[in-house]
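Engineer: Provided below for reference: sequence and predicted model.
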Amino acid sequence: MAPPILSYEKLGLVQGEGWLFRGLDIFIGPRDRLALIGRNGAGKTTLLKCLTGEIDTDEGIRKTVPGTRVVLLEQDPNLRGHSRLEDWVLAGKDAPSAHEAAAIADQLGIDLARDTATASGGERRRAAIVRALAQRPDVLLLDEPTNHLDLGAIDWLEDWLNRFKGAFIAISHDRTFLTRLTNSCLWLDRGTIRRAEIGFGGFDAWTEAVYAEEQRAAEKLDAKLALELHWLQRGVTARRRRNQGRLAKLHEMRAQRAAMLGPAGGAKLGLARDEVKTKTVIDADRVTKRFGERTIIKDFTLRIQRGDRIGLVGANGSGKTTLLKLLTGELKPDSGTVSQAKTLSGIVIDQQRKLMAPDKRVRDVLAEGGDWIEVRGHKKHIKGYLKEFLFDPSLTEAPVGSLSGGERSRLLLAREFARASNLLVLDEPTNDLDLETLDLLQEVIADYEGTVLIVSHDRDFLDKTVSVTLGLDGTGKVDVVAGGYEDWVRKRYQAHRKPEKKTVPATTPSAPQAAKAKLSYKDQRDFDRLPGEIERLEELIAADEEALHDPDLFTADPRKFADLTARIERHRAEVEAAELRWLEVAEMAESLGS
């Protein structure tokens with residue numbers, strides 16, 4: 001293993017009246033790809049700033065190899081004092097060269113001459129990426145790098161990081177991004193940090209094993225207080241298991257919608273005519289919308305049923321927000337019609353969330369200063385309701401200004417989901433949320449009895465929540481696909497694939513073999529590679545388990561015993577992640593080959 005190029009030993013930082021974290025040992029090798037995971041408020045962003053030296057810690061020793069350049073891609077960079085994006089990108093003592101910045105900006109599709117005052121969230125994010133990457137870092141610290149990026153920009157960033165010769169640590173809610181790029185995890189949890197040499201794909205299995213061991217230890221102590229400390233962890237574990245059932249229900253919904261959206265004559269509508277009418281909440285018929293000479297939406301038709309979960313995807317500027325406004329009645333079409341059910345009552349949670357007054361208490365936001373909140377017609381005590389949204393119940397008196405950005409977003413979700421409604425509109429709902437809150441949000445959406453419209457660039461989130469995807473390409477065309485993001489990608493791939501030459505093969509290939517050429521490069525690589533990788537890992541597990549059978553090992557060499565146990569746990573998590581990924585691409589291969 002190569003020696004670290006950046007390390008922090010016994011890092012400790014006081015925040016408020018106590019330690020935010022203490023005794024953290026962090027070592028970053030020259031090619032590490034680390035996912036930094038932790039709940040909102042755990043101190044992830046603060047920790048990155050400690051690693052750069054931007055924040056002086058109260059304890060600990062920071063060491064770097066001379067000449068190592070550490071660069072932070074901030075989540076919310078301060079652009080004040082700069083009239084244009086380019087002025088900010090090229091400012092500072094470690095500013096990149098104008099040539100380097102211009103080259104990256106061109107690839108990302110960002111005009112750095114844009115005024116900072118009028119730049120959108122996506123443009124500001126792209127400018128921040130240009131500034132960070134153009135500095136040629138050795139260690140790159142990424143704080144929610146995919147926020148406000150469209151799918152094309154996310155793909156570009158993933159490709160750049162795959163080629164990157166240095167090390168990086170990434171904080172991200174984007175599970176797909178982390179799964180594709182990372183090979184190790186740092187878990188910041190209750191003021192301590194754990195490291196596992198597994199990619200993010202094995203993170204859930206690893207943490208559940210840790211929680212299970214902690215629970216066993218607490219039960220051995222027979223301490224009620226110790227068990228109470230784990231209410232959140234047990235809830236998260238149970239939620240993940242319940243989500244398996246919800247995913248099965250979602251796949252059933254997608255199958256039903258696929259039949260309804262099938263080609264003419266290909267499938268009968270699953271509902272009687274009068275039942276369709278009563279279940280329809282939004283009916284769009286041959287809708288077209290233009291702005292000047294540009295057609296944003298062209299000849300779009302869709303009947304949205306009660307209980308549908310509709311996802312809208314596409315590049316920034318492709319028309320997602322326009323289509324959303326057309327469907328909800330906020331915008332009128334130039335031609336065609338959009339009608340909504342008279343009983344439709346919606347709530348909108350958009351990406352431009354105005355942060356709640358910082359001096360207000362959590363109690364004020366949820367219950368107007370009281371102890372009880374009305375949650376869709378039922379009274380709940382605010383402490384119990386806070387618990388449902390992963391807050392410590394003691395936070396009722398905390399001022400909003402003391403919460404992290406992610407915690408404020410979670411508080412807003414808690415308030416909005418309490419309202420009675422039958423239409424939920426979510427515009428980029430995953431920004432600023434931690435992974436546990438995303439699990440919770442998926443659960444709430446699955447249990448929501450009304451209709452849901454979601455605009456998002458979070459691929460994993462869409463795959464786990466929506467029954468129909470509306471894909472916009474910027475030309476006015478809207479693809480209507482039963483399923484999530486991956487289903488839309490497959491349809492686009494099939495639509496743009498060049499027709500194959502009709503030749504008679506010498507032998508008839510099996511279905512997976514025939515499908516191989518149709519998979520993307522990344523998917524095909526995983527399809528071919530993972531069976532061998534799974535076999536290799538299982539052999540390593542078997543060898544380590546054989547070594548553990550020595551009855552004298554624990555007494556003779558307790559350190560080796562602990563190392564073997566940890567390695568088996570890590571390899572099992574890697575096997576589980578590899579098996580899930582292979583099943584995913586195998587299903588894709590089967591679908592493309594059929």
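Structural biologist: Sure, I can see it.

Engineer: what about residue 76, which SS state?
Structural biologist: Under DSSP: H, G, I helix; E, B strand; the rest coil, the three-state class of residue 76 is coil.

Engineer: For the residue lying closest to it once chain neighbours are set aside, give its distance to residue 411.
Structural biologist: Excluding the flanking residues, the one nearest residue 76 by C-beta to C-beta, 6 or more residues apart in numbering is residue 405, at 7.7 Å. In this view, the C-beta of every residue, glycine as well, is placed from N, C-alpha and C. According to C-beta to C-beta, to the nearest Å, residue 405 and residue 411 sit 11 Å apart.

Engineer: more crowded one of the two?
Structural biologist: Neighbour count, other C-beta atoms under 10 Å: between residue 405 and residue 411, residue 411 has more, with 21 against 18.

Engineer: isn't the more buried one right next to residue 366, touching?
Structural biologist: Yes - with contact defined as C-beta atoms under 8 Å, residue 411 counts as touching residue 366 (7.5 Å).

Engineer: for the stretch 151-300 of the chain, what are the low-confidence residue spans?
Structural biologist: Residue ranges of the stretch 151-300 of the chain with pLDDT under 70: 217-245, 262-278.

Engineer: measure the closest residue to residue 360 other than its chain neighbours to residue 464 for me?
Structural biologist: Nearest residue to residue 360, sequence neighbours excluded (C-beta to C-beta, 6+ apart): residue 400, at 5.1 Å. Relative to residue 464, residue 400 is positioned 29 Å away (C-beta to C-beta).

Engineer: so who does residue 147 touch?
Structural biologist: 75, 121, 125, 431-432 (C-beta atoms under 8 Å, 6 or more residues apart in numbering).

Engineer: which of these sit farthest apart?
Structural biologist: 125 and 432 (12.9 Å; C-beta to C-beta).

Engineer: Strands along the stretch 301-450 of the chain, start to end?
Structural biologist: 309-314, 335-340, 346-349, 372-375, 378-381, 423-427 (DSSP state E, counting those that start in this stretch).

Engineer: Between these, which one is closest to residue 57.
Structural biologist: Per C-beta to C-beta, nearest to residue 57 of those: strand 346-349, 36.3 Å.

Engineer: helices or strands up against that closest one?
Structural biologist: helix 405-417, strand 423-427 (3 or more C-beta pairs under 8 Å, 6 or more residues apart in numbering; DSSP states H and E).

Engineer: what residues does that strand touch?
Structural biologist: For strand 346-349, contacts defined as C-beta under 8 Å, 6+ apart pick out 328, 412-413, 416, 419, 421-427, 429.

Engineer: Compute the inter-axis angle for the helix or strand hosting residue 453 and strand 423-427.
Structural biologist: Per DSSP states H and E: residue 453 is located in strand 451-455. Going by axes from the mean of the first three to the mean of the last three C-alpha atoms, to 10 degrees, strand 451-455 is angled at 10 degrees with respect to strand 423-427.

Engineer: Give the pairing partners of strand 451-455; include direction for each.
Structural biologist: strand 309-314 (parallel), strand 423-427 (parallel) (DSSP bridges).

Engineer: Now do the longest one, average pLDDT.
Structural biologist: Confidence over strand 309-314 (mean pLDDT, whole number) is 93.

Engineer: The shortest one too?
Structural biologist: When the per-residue pLDDT values of strand 423-427 are averaged, the result is 89.

Engineer: Report the angle between it and helix 405-417.
Structural biologist: In terms of direction (the same axes, to 10 degrees), strand 423-427 departs from helix 405-417 by 160 degrees.

Engineer: what comes into contact with strand 423-427?
Structural biologist: Strand 423-427 has contacts (C-beta under 8 Å, 6+ apart) with 281, 321, 324, 328, 344-351, 445, 448, 450-456.

Engineer: Derive a ChimeraX selection command for the buried subset of the residues you listed.
Structural biologist: Buried residues within the contacts of strand 423-427, by 16 or more other C-beta atoms under 10 Å, are selected in ChimeraX with:
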select :281,321,324,328,344,346,347,349,351,445,448,450,451,452,453,454,455,456
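
Engineer: I'm done for today, thanks for sticking with me.
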